[in-house]
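Undergrad: Give me a 3D structure for the following:
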Amino acid sequence: MAKANTVFVCSNCGNESSKWFGRCPACNEWNTCYEEKLTSKTNSKSGTKKVSTPVKLNDVKKQDIIRTSTGFEELDRVLGGGLVKGSLTLVGGEPGIR
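TA: Numbering: from 1, shown residues only. The predicted structure is shown next:
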């Protein structure tokens, strides 16, 4: 089983996988797989990690975002006024209800 800090790379096409492969699934070449150790990455060039600090909900500033109405009043209410351009919203229902 591969370790979390190891990746297997195809020397022909560069395809990466977390598991060893005899035949590359991308270019179908045989015996082109080699193991590469990954090094830990930091968030900045200086090598120091950025520290996040919690913010109280009352201190969060409201942003004016353009929202598009869905045409369904209840759905718009749940979405905070409608859909936001560039966002992804998953909508589900109860099983068996159509």
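
Undergrad: Pretty sure residue 38 sits against residue 7.
TA: Yes - assessed by C-beta atoms under 8 Å, residue 38 is found in contact with residue 7 at 5.9 Å. Just so you know, the C-beta spots here come from the backbone N, C-alpha and C atoms, and that holds for glycine as well.

Undergrad: Give the residue spans of this protein that score low on pLDDT.
TA: Scanning the chain for pLDDT under 70 picks out 1-4, 40-48, 97-98.

Undergrad: Now do the same for the residue positioned nearest the centre of it: helix, strand or coil?
TA: Centroid-nearest residue in the chain: residue 88, 12.4 Å away (criterion: C-alpha atoms, centre = their mean). Three-state assignment for residue 88 (DSSP: H, G, I helix; E, B strand; the rest coil): coil.

Undergrad: circling back to that earlier point, mind checking which of residue 38 and residue 7 has more residues around it?
TA: residue 7 (16 against 10; other C-beta atoms under 10 Å).

Undergrad: Give the other helices and strands that whichever helix or strand that one is part of contacts.
TA: Secondary structure from DSSP states H and E places residue 7 in strand 6-10. Here strand 6-10 touches strand 16-17, strand 33-37, going by 3 or more C-beta pairs under 8 Å, 6 or more residues apart in numbering; DSSP states H and E.
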